[in-house]
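In: got a sequence here, can you model it:
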Amino acid sequence: ADVSGSWRAAAVTTAAKIKSHRCMSYIFWPEHPGLSLDECGGKALALWTLQNVVAPLGASVPDWFVLSPRAFHDTLTDEQRAALFNTDVSTQDMSTQQTALAALRPLSPISDAGYEVLHAMLRLCPRGESVAVRSSARDEDDAQHSFAGQFHTALCVPSEGVSKAILDVWLSAWNENNRAYRAAQNIGEIHVPAVLVQQMINAEAAGVAFSADPVSGQNDVCVVSAVHGLGSALVDGSSDADEFRVRDDEIIERKIAAKNIAHRPMPDGVRVENSVEGIATAPALSDEQVVKIARLTQGVTEHFGMPQ
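Out: Numbering: from 1, shown residues only. I've put the predicted structure just below:
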């Protein structure tokens, strides 16, 4: 069966229903004025700001939309709501945790939220391109708490798999790692995250950049780390990364790693690829690319008024 074709037919039909009777209330786009932390979460709000900062610097951000956590709350049945809010899922009692999660498992977007996601996917990926589906919680990536790796992230998600990926992100607010992190940080109340859906990029290289050296604390040194392929190989630790230190548009130090593993996009997921000899030890980025990234980090730092 042509799953993607069936999805598109359903999306076109439901999109017409939305257009005929209502405006979107759960979906927010980058051009939406006045995005709020409660509706969009910290990651989407930062992405919106970043998009407006880096564009004048000659960089672009893959298009995206964010699904408000109101979609989650409006999706709950009475039974699910009772299990969620009448059970202290922040306790160390695993039985109560599992009871609450079991009640949440059947979640799926209600008509309005489901229609809006289908409509948004038609706009975001008109040719059925894959997306990344990530959390954007209100207390995520803030100055006090990062929640790094605590919520579910799905890469290379086909259009027909987006609803399930959204459900997985929602449910990850109650996973064991998230609960342990909240306990360690003395964070009581659980906030269901907004969900960020963004176009996937078939990256030749990816990584992370710091406008100040996080080890030495030098504010005049930018650190750029990169791997071949998708950045997930760096995030999950399956590949070492090249590391560059830049000061005043000059690379003052470079460490080229043996990047034996690369993550490559597939139509419905990520493929782990063994790098051939010669490619593994080749720099993931050219010197010109490294310096350009360093300049971008400085521009973002100037905008926010603090190292990024």
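In: span of stretch 120-132 from start to end?
Out: Stretch 120-132 has an end-to-end distance of 14 Å (C-alpha to C-alpha, to the nearest Å).
In: got the buried residues for it?
Out: Ala120, Met121, Leu122, Leu124, Cys125, Gly128, Ser130, Val131, Ala132 (16 or more other C-beta atoms under 10 Å). C-beta coordinates here come from the backbone N, C-alpha and C atoms, glycine included.
In: so the fifth one makes contact with Gln199?
Out: Yes - under the contact definition of C-beta atoms under 8 Å, Cys125 touches Gln199, with a separation of 6.8 Å.
In: joint contacts of the two?
Out: Val131 (C-beta atoms under 8 Å, 6 or more residues apart in numbering).
In: quick one, helices of this protein?
Out: For the chain, helices defined by DSSP state H occupy the ranges 3-21, 37-54, 70-75, 78-85, 94-104, 111-124, 162-171, 176-184, 232-235, 287-304.
In: which strands or helices does the second one pack on?
Out: Yep, that's helix 37-54 we're talking about. strand 27-28, strand 64-67, strand 131-136, strand 194-199, helix 287-304 (3 or more C-beta pairs under 8 Å, 6 or more residues apart in numbering; DSSP states H and E).
In: in JSON lines: the helices of the chain, plus mean pLDDT and distance to Thr281.
Out: Formatted as JSON lines, the helices of the chain follow (pLDDT from 0 to 100; distance: least, C-beta to C-beta, whole Å):
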{"stretch": "helix 3-21", "mean pLDDT": "55", "distance to Thr281": "39"}
{"stretch": "helix 37-54", "mean pLDDT": "85", "distance to Thr281": "31"}
{"stretch": "helix 70-75", "mean pLDDT": "88", "distance to Thr281": "46"}
{"stretch": "helix 78-85", "mean pLDDT": "76", "distance to Thr281": "50"}
{"stretch": "helix 94-104", "mean pLDDT": "68", "distance to Thr281": "45"}
{"stretch": "helix 111-124", "mean pLDDT": "88", "distance to Thr281": "37"}
{"stretch": "helix 162-171", "mean pLDDT": "90", "distance to Thr281": "35"}
{"stretch": "helix 176-184", "mean pLDDT": "69", "distance to Thr281": "34"}
{"stretch": "helix 232-235", "mean pLDDT": "91", "distance to Thr281": "15"}
{"stretch": "helix 287-304", "mean pLDDT": "91", "distance to Thr281": "16"}
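In: so for Lys255, which of those sits nearest?
Out: Lys255 sits nearest to helix 287-304 of all the helices of the chain, at 12.2 Å, using C-beta to C-beta.
In: got the buried residues for the closest one?
Out: 289-301, 303.
In: still on that earlier bit, closest one to Val54 out of the buried residues of stretch 120-132, please.
Out: Checking the buried residues of stretch 120-132 one by one against Val54 (C-beta to C-beta), the nearest turns out to be Ala132, at 18.1 Å.
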